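*Asks:* Sequence and predicted structure are below.
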Amino acid sequence: GYLSSKLRSLSNIKNSYDYENYARGLYVLARLGKAENAYHSKLLENVERLPQSARAFLALAMHTAKQEGGEKLLKMDGRAENNSGYWMPYRNSNAMSLFAWSTIKPNSKGCEDNLSKLLAKRSPHGHWHTTWSNAWSLLAMGAYAQAHEISQEDIELMVETSDGTKKIVIPKDKPSHTLKLPLE
């Protein structure tokens, strides 16, 4: 009821932050079986103003509500992100796009492209700068992994170390592998 009542002020949106929040709310409502299709249409009236993250959530809401057009939203060229209204400097639109692509059309080029972009945006320390960005990135990669089959063959990796090349084999029936290498 709260989320639904908050949509009444949708016409007062002034910045990207609000668009993303409204679109995320629409996705949550659709997941709860209480899709607000009229508000999907209302956001689509301003599609050129929607940041990438809002388009991803709106596409998810429409897909969940079995409406057409979600994939088309994801394929739209990204406009420059307007940070107006955001309370943190780091945003992770690629995670939200990957989450949407992994849900709507997991075997697409759009899905692979967003995975590559997401991984490229990691800091040198292997994370995305904030717990918010990290959480969406992990959720998106989890959706990606869930949508793709597990390898039917063992995975073989070659790692260069000071002692030479080491071969690592990850068995096909094992989802992860740990290897400890001494720092030298």
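*Replies:* Alright, I've got the coordinates.

*Asks:* any idea how far the spatially most central residue of the chain is from residue 150?
*Replies:* With distances taken as C-alpha atoms, centre = their mean, residue 96 lies nearest the centre of the chain, 2.4 Å away. Computed with C-beta to C-beta, to the nearest Å, the distance linking residue 96 and residue 150 is 25 Å. Quick note: C-beta positions are derived from backbone N, CA and C, even for glycine.

*Asks:* And for this protein, the residue most distant from the center?
*Replies:* Computed with C-alpha atoms, centre = their mean, the most peripheral residue in the chain is residue 163, at 39.3 Å.

*Asks:* how deep is residue 145 tucked in, by neighbour count?
*Replies:* 12 (other C-beta atoms under 10 Å).

*Asks:* Relative to residue 18, how far out is it?
*Replies:* 32 Å.

*Asks:* Likewise for residue 154?
*Replies:* 49 Å.

*Asks:* So between these two, which is more surrounded?
*Replies:* residue 18 (16 against 11).

*Asks:* residues making contact with the lowest-mean-pLDDT helix or strand in the chain?
*Replies:* Lowest on mean pLDDT, DSSP states H and E among the helices and strands of the chain sits strand 155-161, with a mean of 85. By C-beta atoms under 8 Å, 6 or more residues apart in numbering, the residues outside strand 155-161 that reach it are 165-170, 172, 179, 181.

*Asks:* go on, stretch 52-67?
*Replies:* 16, 19-20, 22-24, 26-27, 29-31, 35, 37, 40, 43-44, 47, 50, 68-71, 73-74, 76, 78-79, 81, 91-94, 96-97, 99-100, 103-104.

*Asks:* which residues in the protein form strands?
*Replies:* Ranges of strands within the chain are 155-161, 164-170, based on DSSP state E.

*Asks:* As CSV, those with mean neighbour count and distance to residue 63 would be great.
*Replies:* CSV is the format used below for the strands of the chain (neighbours: other C-beta atoms under 10 Å; distance: least, C-beta to C-beta, whole Å):
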stretch, mean neighbour count, distance to residue 63
strand 155-161, 10, 31
strand 164-170, 10, 33
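
*Asks:* could I get the ones you listed as CSV with distance to residue 117?
*Replies:* Listed next are the strands of the chain as CSV, based on distance: least, C-beta to C-beta, whole Å:
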stretch, distance to residue 117
strand 155-161, 23
strand 164-170, 25
